[in-house]
Each structure stands twice: as structure tokens, then as C-alpha cells.
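[1] I need the structure of the sequence given here:
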Amino acid sequence: MTRVIIAGVQGRMGEAIKKYVINKGVEFDGFDLITDSEKDSKTIDNFAFKAGDVIVDFSSIDGVLINSNIAKERKIPYLTGVTGLPQGTVEYLKKLSEEIPIFYDSNMSVGIHILSGLLKKLADEISDYDVEIVETHHIHKKDSPSGTALKLFDAINKNSNFTVKYGRHGFEPKKKDEITLHSIRLGGVFGEHQIRVGDQFEEISLSHRAFSRDVFAKGAVDAALWLVNQNNGFYTMSNFLENRI
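    Predicted coordinates for the structure are as follows:
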């Protein structure tokens, strides 16, 4: 049986992943990042877990570099869904994927990737329309706009017809080739994304709403179980879903 190691097990996503793997009957262990300043028997070289087949990491931006290196040292696959990663960190993961299987995506929901696929197909048809993207998350989310909103923008902008604007204020009118990403932080919202496309005559609206973190936990764990059977390389949800189809 595949043994999943959960990095950031005490975080919000860590708890959701733990719940899902228990319900799925998957063996697991977990840890939270221990810094050098903490007086604890755990160190980077001696976590609570002894062995595992794949690391699933939703800890933090700083944790990604440390935990991916643990995976490298142990020669096991590594999956992360930490959002807001600097491009340099993403490039580092791609380089690391020459040595172990690496999986990174800003959203582990199947529904979001269906929506992204639809937007790519519609991109040619809506290039002359006005487009706005609105994302809503809980008040604890640190990165704005969300990685998912950026993913949806990239799907619409596959032909580079648009420029991106973050929020709107002042007296400048909307430009024709401009997509604005609006970020709302509200209570405990798990994740909502809306794409509004229109002109002076009509509007098309596409949206996705996550009812709980369980949808992201399910996607992450299912992808991790798939990842353990893959060769070294850099994978995303698109690769995982293509394989399922």
C-alpha cells in the first residue's frame, strides 16, 4: 500500500488531506516544519515519519524548498499545491524533476481544470469581448490574486490578446484588451471564481465554487497516488486528468 507523508499536517489543508486519506484507507504520516530556532527533538533530518512513498505538501512557500529537498534525499515523489510560489521556486522544482517525479499545481480541483479547458476552447471566440475575473477566498489567504485566477487568465489569454490589470481604482476607463482580476477576501469562503464575458448586447458568465477543502484534498491525494507510478518529470493536474481520460 502507498504510504503518504503529509507536510504541514496541522494546517487547514493538512487536516483536510489527513481526513481524506483516513476515509480512503491510505496509510499516512505527517509533520510540520521545524525551524532551527525551535528546541525540539525533530530536525530536518529526523522527522516523526520513518518511511513513505510520496510527500504531499501544503505547508508554506518556504516549506516547499525544504520539503522538496527531503523528497530528493529520500528519492520519493513530491507533490505541492502551495500557492503564490515565486517563479524561481517553480523553476527549481522543474529542475528537481530531473531526479524525482514532481507535481505542482495551484488548484487540485477537477472542476477548475474543466473550466480552464472550456476557457481555452472559447479563447478565440471571446477575444473581442470585455472580460473580468473575480475570485473570492477566506480572509486568511495570503496571495492575491489567487493562483487559480491567474491560471484562468492564462487559459483565456492563450493567444496573448489581453493584458492583465489587478483591481481597479481611479479615473482610467477599461481598455479593450484588458482583463481585470478582482480579489475578494470574505469570511471562510473556500474558493469561488467567476469569469464574466460581455459586450454592449449580452453577457456570458462561467463560475466555479468549492463547497469545502475536501475537493482540493481529494484531488491532491488522488494525484499523489498516481504520481508514485510515474517516471521522473514535472507534472500538473492536466497531466493527471489526461491520463484518467
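
[2] Can you list the residue ranges for helices in this structure?
    12-24, 61-74, 87-96, 110-122, 147-156, 214-227, 237-244 (DSSP state H).

[3] Next, count neighbours for Thr163.
    By other Cβ atoms under 10 Å, the residues close to Thr163 number 10. In short, each C-beta sits where N, CA and C put it, glycine included.

[4] That should have said Val90, apologies.
    With other Cβ under 10 Å as criterion, Val90 counts 13.

[5] again with the one 4 residues further on
    Number of residues near Lys94 (other Cβ under 10 Å) recorded here: 13.

[6] returning to what we had before: minimum distance to Val131: which of the helices of the chain has it?
    Nearest to Val131 among these is helix 147-156 (6.2 Å), distances taken as Cβ to Cβ.

[7] Which segments of the chain make up each domain?
    3-108+213-244, 110-209 (automatic domain parsing).

[8] between the helices of the chain, which one is nearest to Asp53?
    Of the helices of the chain, nearest to Asp53 by Cβ to Cβ is helix 214-227, at 8.8 Å.

[9] quick one: buried residues of the lowest-mean-pLDDT helix or strand in the chain?
    Using mean pLDDT, DSSP states H and E, the weakest-scoring helix or strand in the chain turns out to be strand 27-31, at a mean of 80. Residues 28, 30-31 are the ones in strand 27-31 that count as buried (16 or more other Cβ atoms under 10 Å).

[10] likewise stretch 150-166?
    For stretch 150-166, by 16+ other Cβ under 10 Å, it's 150-153, 155-157, 161-162.

[11] can you tell me which of those lies nearest to Val9?
    Once Cβ to Cβ is applied, the member of these that ends up nearest Val9 is Lys151, at 26.1 Å.

[12] give the contact list for the closest one.
    106-107, 112, 116 (Cβ atoms under 8 Å, 6 or more residues apart in numbering).

[13] can you rerun that using 6 Å?
    Shown in contact with Lys151 (Cβ atoms under 6 Å, 6 or more residues apart in numbering): Ser106.

[14] what separates it from Ile112, distance-wise?
    For Lys151, the distance to Ile112 equals 7 Å [Cβ to Cβ, to the nearest Å].

[15] Grab the nearest non-local neighbour of Arg209.
    Using Cβ to Cβ, 6 or more residues apart in numbering and skipping the chain neighbours, the partner closest in space to Arg209 is Glu192 (4.8 Å).

[16] now the one you found: how far from Val131?
    Look at Glu192 and Val131: by Cβ to Cβ, they are 17 Å apart.

[17] the more surrounded of these two?
    Using other Cβ under 10 Å, the more surrounded residue of Glu192 and Val131 is Val131, with 23 against 17.

[18] got a pLDDT number for the more buried one?
    You'll see Val131 listed with a pLDDT of 95.

[19] Run through the residues that contact the closest residue to it other than its chain neighbours.
    What sits nearest to Val131 in space, not counting adjacent residues and going by Cβ to Cβ, 6+ apart, is Ile179, at 4.7 Å. Ile179 makes contact with 131, 153, 162, 164, according to Cβ under 6 Å, 6+ apart.

[20] which of these lies closest to Leu241?
    For the contacts of Ile179, the nearest to Leu241 is Phe153 (19.9 Å; Cβ to Cβ).

[21] For that closest one, give me its contacts.
    Applying Cβ under 6 Å, 6+ apart to Phe153 gives the contacts 164, 179.

[22] No more questions from me, cheers.
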